[in-house]
Each structure stands twice: as C-alpha cells, then as structure tokens.
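1. Sequence first, predicted model second:
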Amino acid sequence: KADIVTCNVRAFKPEGIKERVMDMRDEVRDFSDPNYFALYDIFGKQASIFACNSLYKMEIIKKYNLFFLATKLVLSEDQLFNLCYYAAVRRACYIDKPLYNYVIRTGSLSRKEPVKGILNMRVTLVMILKDFIDSNGFKKQPASFYAFLMWQYFVNGCGTISNKERLISEIKLIEANKKFFNSCLRKLLFGKAGRTIAKTNGLKLKASVHFRLMLVLLLLGKYEKPAQAYMGEK
C-alpha cells in the first residue's frame, strides 16, 4: 500500500562500478504528518533525488498534475518532481538492493558545465515547490524551511561556478526573483533557517559571524566580498 517505492542504484562510471549509490536500508516509512525539514534529511539516502529508481502512483501524478519542468527552468527537475510528489506520500517503501543500473557517461548532459543562470534556477525551484504545497492544500511548511533549502541549493550551485567574476554575474541574474531571495536571506540572518544551517555545518563563533556577515552583504547587493570568500580569495 505504498505511494512510492524506491530502490538503490548501481552506478557504472568511467573509473569503475559503485555497487550502491545510496546509503539506505530496507524499510517501510509512514508520513502521516509531512515535515519537510525531516524529509530533507533522508533525501539522497532513503528518498531519492533521482526519478529513475522509483515507482510512482499514476493517480497521485494525475490528481496534482505533476510533470517534469524543462531543465532550463530549474535544472534539477528530478529533485523538484520528487519534492512535490512527497507532499502527497503517506507511505514509502525503500529497497536497499540496487535494482537500477545507472550508466554515467563523460560529456553527458548532466555532467556538462551548468548553463548560465544556475543560481536563479535554484531559487526558482524553491519558489515552485512552495507554490505547489501552498496551492494544493497540503500542510504549510515553515518559511524557515524554504530559506534553508534555498541556501543549500544556492551554495550547491555556487560550487559549479569556476571563478569570482562568473559567480558575481550569476548572483546578479537573481534580480528577477530578488524579493523571494532577499526574504530567504533575512530568515537565514535572523531566524531558525540560519540556526539550522549553522548547526548542520558545524559553524561556531567566528565562522557563524562570518556566515551572517556574508548574508548582510548579499542583502545589500555587495557581491564582491561574498564571492571572494566563497572562492577562497584574499
């Protein structure tokens, strides 16, 4: 009676085979009261960030008109689909056995340098998830969760950018969604979202102060120092 069934993945890479991609176990898990903070903790472990290794209920997909958005809008369309789908999941079944073989090819679409606007795509993904949950009558998630998720995706996106000038230009492209971005930055600066990030990453004293200083500079539109700090430049 599961709403979703997910198995482990065996990855075939140019450098060799990885027998189990996900750190998971055989388990049936109930989600009677969806909590996205708790759900995020199991993404990439039990819950998959992929779509290829899960079975879905067509009735849920049809009821909520779920589909994969174009990669050029959100980049991680699999993750967005799964995050939205899990709003309707009440029971999930996880199978540790790698029943899906994933061949990773050098030069494939998912392995290439990300297209221009990757940071804006990350912010857009979080905005779409929030709108989906709010507009379909699901339990509203705290605003701090969306700020937390936005920052995780934002930093992940920064990691694919090769130099300071490119990073600054990418941040400037967020102007279209600046209101939501700044709202998340304020929650990271003053609320639970920032405390969760600090705890998750083990930020203490000086590191925590530095993190908040970078948030202030981003809010003020001063991107030079945050970009330098991220790239490790003096």
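-> Noted; the coordinates are in hand. Residues are numbered from 1 along each chain as shown.
2. For the biggest helix by length in the chain, buried residues please.
-> Using DSSP state H to define each element, the chain has its longest helix at helix 118-135. Neighbour-count burial for helix 118-135 flags 118-130, 132-133 (criterion: 16 or more other C-beta atoms under 10 Å). For every residue, glycine as well, the C-beta is placed using N, CA and C.
3. Can you get me a residue count around the nearest residue to residue 63 once chain neighbours are set aside?
-> Closest residue to residue 63 apart from its sequence neighbours, by C-beta to C-beta, 6 or more residues apart in numbering: residue 88 at 7.5 Å. Residues near residue 88, counting by other C-beta atoms under 10 Å, number 19.
4. Surely residue 88 is within a strand?
-> No. Applying DSSP: H, G, I helix; E, B strand; the rest coil, one finds residue 88 to be coil, outside a strand.
5. I figured it was touching residue 59, is that so?
-> No. The pair residue 88 / residue 59 is not scored as a contact, 9.6 Å apart, by C-beta atoms under 8 Å.
6. ok, and the closest non-adjacent residue to residue 25?
-> Closest residue to residue 25 apart from its sequence neighbours, by C-beta to C-beta, 6+ apart: residue 96 at 5.3 Å.
7. and what of residue 172?
-> residue 223 (7.1 Å).
8. Phi, psi for the one you found please.
-> phi -90, psi -10 (degrees, to the nearest 10).
9. swap in residue 27?
-> The phi/psi pair for residue 27 (degrees, to the nearest 10) is phi -160, psi 150.
10. Assign the closest residue to it other than its chain neighbours to helix, strand or coil.
-> The shortest distance from residue 27 to any residue other than its chain neighbours is 4.8 Å, reached at residue 94 (C-beta to C-beta, 6+ apart). Of the three states, residue 94 takes strand under three-state DSSP.
11. Bridged to residue 94, which residues?
-> Counting by DSSP bridges, residue 94 forms beta bridges with residue 6, residue 27.
12. quick one: it and residue 45 touch, right?
-> No. The criterion here is C-beta under 8 Å, and residue 94 misses it with residue 45 at 9.1 Å.
13. Mind checking which of those two has more residues around it?
-> Shown here are residue 94 and residue 45; by other C-beta under 10 Å, residue 94 has more neighbours (23 against 13).
14. how close does the closest residue to residue 103 other than its chain neighbours sit to residue 102?
-> Leaving aside its chain neighbours, residue 103 sits nearest to residue 12 (4.6 Å; criterion: C-beta to C-beta, 6+ apart). As judged by C-beta to C-beta, to the nearest Å, residue 12 and residue 102 stand 7 Å apart.
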